[in-house]
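S.K.: Let's see this in three dimensions:
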Amino acid sequence: MSGVQDELLRTLTKVAKVLREQQIPFALSGGCAVYARGGPATEHDVDILVREEDAKPAVSALVAAGMRAADAPEDWLLKVYDGDSLVDLLFRPNEVPVTDDTLGRAEELAVGSVTLPVMPATEVMISKLLVLDGHRCDFSELLPFARALREQIDWRRVREATAHSPYAEAFLVLIERLGITGAPDDR
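M.R.: Below you'll find the predicted structure:
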């Protein structure tokens, strides 16, 4: 594990502790959720799902715990930093509001030294595929994720939830051709 990954895990532990103390429901998503489920480690950031009404209280609680708030140009998330480690508090990823139902799909898993709610691999894959567009169409992070967690992912659900995206379709065709998943009719 690299120093950056160690820092992200320390940050994740702090975030989980603060949000639990404040009784703010949350779930781990993104690259850290992939890592928590046995996939490759991330060096990017910590993605935390929260309901929109909890986003500002979460930032306030994290700032009170020593982190610093940062401006986010997007209107669907808030950001804080723990040293150099970025934490994104997502409340409307891909224009889909985080709800109690969303958070209820998370499973308690050990991540480093803490147990916390982690989104299912299927949900994380859907979210990552829906971010792809003409400006962001890099499969280099998604391929190792798909390989490592292929048995945890409901590929039929991924196909259905991303059917409107030609970028997601391209990725799904690629991993089918690589033998990571079966053909659409096999599932």
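S.K.: From here on, just use CA atoms for contacts and neighbour counts.
M.R.: Will do.
S.K.: pLDDT below threshold where in this structure?
M.R.: Along the chain, the parts satisfying pLDDT under 70 run over 1-4, 182-187.
S.K.: List the contacts of the closest residue in space to residue 83 that isn't next to it in sequence.
M.R.: Take residue 83 and drop its neighbours on the chain: the residue closest to it by C-alpha to C-alpha, 6 or more residues apart in numbering is residue 67, 7.2 Å away. By C-alpha atoms under 8 Å, 6 or more residues apart in numbering, residue 67 lies in contact with 80-83.
S.K.: who touches the top helix by length along the chain?
M.R.: If you go by DSSP state H, the chain has its longest helix at helix 3-21. With contacts defined as C-alpha under 8 Å, 6+ apart, helix 3-21 is touched by 25-26, 41-43, 45-46, 58, 61-62, 65, 82, 85, 111-114, 116.
S.K.: likewise stretch 136-149?
M.R.: 34, 37-40, 121, 125, 128, 132, 167, 171, 175, 180.
S.K.: for the residues you listed, which one is nearest residue 89?
M.R.: Within these, proximity to residue 89 (C-alpha to C-alpha) peaks at residue 128, which comes in at 15.6 Å.
S.K.: And the helix or strand where the closest one lies, what does it pack against?
M.R.: Using DSSP states H and E, residue 128 sits within helix 121-131. Under the contact criterion of 3 or more C-alpha pairs under 8 Å, 6 or more residues apart in numbering; DSSP states H and E, helix 121-131 touches helix 30-36, helix 142-149, helix 155-161, helix 166-177.
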